[in-house]
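# Next come a sequence and a model predicted from it.
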Amino acid sequence: MSQFHLHLVSDATGETLQMVARAAITQFADSEATEHHWTMIRTERQLNEVVVGLVEKRGIVLYTLVDETLRRDLEKACRRLNLVAVDVLMPAIRALGTFLHAESKAQPGIQHVLDEEYFERIEAMQFTLIHDDGQSMHDLNDADVVLVGVSRTSKTPTSMYLANRSVRTANVPLVPGQPLPEELENLKGPLVVGLTTSVKRLVQIRRNRMQMLNELHETDYTDEDAVKQEVAEARRLFNKMGWEVIDVAGRSIEEASAAVLAMLAKRQESGAEAD
């Protein structure tokens, strides 16, 4: 496996840059990056420190700098050092400026301003934490999305990812031998999505979980036949209730969440058209 240095230079927190970089890196399975994060770079002195780091550990540079002077100076330094430098943000800003016939604000970190969207995201996170794993069922109708599934079908991590997208998400486990909670059966407003997966994958995940807990004896929780029946019963319930279904086998949390977001958007569009 080839290894290389990856310098991420940003005038803000670098979150956007990191997501883009890691999405790109995943396309190269035989390469591994050592990431160097240079965040809140807003002065020439700070940029000089970055250049020193580039000299010491040569590699590729990805950057998001909205200040023209800093951007130009970083590009000059990279040319002098014969390093590849990729501007991740400005091409998109320029394209939008051309389309909108407007100039950008050129303000670093503007996406992190404490605006209404920020507080909506915090509220969604709080709601999701309170409504994790079948808790606080009394106000389940206040959710935007309710995820339902048997144990270890990624309900909680998917819920948290959606919450970070300002989606108020609750998740409810299906427990063998226990009836469907009345609150879930009578839901009116939220989008309900059933999460399912392959039996073999679920058994493996559960066995790994039990090993971590030093519980090595076999139970219905990890028995393949019992799990097969459990998954089949869950699928029958999803069909009976008319809920949307996502098979999370082979999907990352991000991919499963994207599917939920697409379902939610489609539902909202249908509602708007009906109005």
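Looks like it arrived, so ask away. Numbers count the residues shown, from 1 in each chain.
# And the strands in the stretch 51-200 of the chain, which stretches?
59-64, 85-87, 145-149, 169-173, 191-196 (DSSP state E, counting those that start in this stretch).
# Just send those strands back as CSV, with mean neighbour count, distance to E44 and mean pLDDT too.
To be clear about C-beta, it is placed using only N, CA and C from the backbone, and glycine gets the same treatment. Output for the strands of the stretch 51-200 of the chain, formatted as CSV (neighbours: other Cβ atoms under 10 Å; distance: least, Cβ to Cβ, whole Å; pLDDT from 0 to 100):
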stretch, mean neighbour count, distance to E44, mean pLDDT
strand 59-64, 21, 15, 95
strand 85-87, 16, 17, 94
strand 145-149, 26, 47, 98
strand 169-173, 26, 44, 97
strand 191-196, 22, 50, 98
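# Report the residue ranges of every domain in this protein.
Using automatic domain parsing, the domain parsing of the chain gives 2-112, 116-274.
# so how far is L162 from the closest residue to K155 other than its chain neighbours?
For K155, ignoring the flanking residues on the chain, the nearest one in space by Cβ to Cβ, 6 or more residues apart in numbering is N171 at 3.9 Å. According to Cβ to Cβ, to the nearest Å, N171 stands 10 Å off from L162.
# what's the answer for H101, then?
Distance from H101 to L162, by Cβ to Cβ: 35 Å.
# rewinding a little: pull the contacting residues for the residue nearest to K155.
Neighbouring residues of N171 by Cβ atoms under 8 Å, 6 or more residues apart in numbering: 131-134, 146-149, 155-156, 158-159.
# now do 6 Å
147, 155, 159 (Cβ atoms under 6 Å, 6 or more residues apart in numbering).
# which residues does the residue nearest to the last one when sequence neighbours are not counted bridge with?
Pointing back at S159 there. Counting by Cβ to Cβ, 6+ apart, T169 is the residue found nearest to S159 once chain neighbours are left out, at 4.2 Å. Beta bridges link T169 to V145, judged by DSSP bridges.
# So which residues of the stretch 1-150 of the chain form helices?
Along the stretch 1-150 of the chain, the segments classed as helices by DSSP state H, counting those that start in this stretch run 15-25, 44-56, 68-80, 90-100, 116-130.
# By mean pLDDT, show me the worst of these.
For these, mean pLDDT drops lowest on helix 90-100, to a mean of 84.
# between that one and strand 59-64, how many degrees?
Taking axes from the mean of the first three to the mean of the last three Cα atoms, to 10 degrees, one finds helix 90-100 and strand 59-64 inclined to each other by 30 degrees.
# which of the residues in helix 90-100 are buried?
Across helix 90-100, burial judged by 16 or more other Cβ atoms under 10 Å covers 90, 93.
# In the protein, which residue sits furthest out from the middle?
Centroid-distance maximum for the chain: R80 at 37.4 Å, with Cα atoms, centre = their mean.
# For burial, what's the neighbour tally of G134?
Counted with other Cβ atoms under 10 Å, residues neighbouring G134 total 18.
# That one and S270, how far apart?
From G134 to S270 the distance is 28 Å (Cβ to Cβ).
# Same question for E218.
46 Å.
# Check S257 too.
20 Å.
# Between these two, which has more neighbouring residues?
S257 (25 against 10).
# so which strand or helix has that one?
helix 253-274 (DSSP states H and E).
# So for that helix, what gets flagged as buried?
Buried residues in helix 253-274 (16+ other Cβ under 10 Å): 253, 256-257, 259-260, 263-264.
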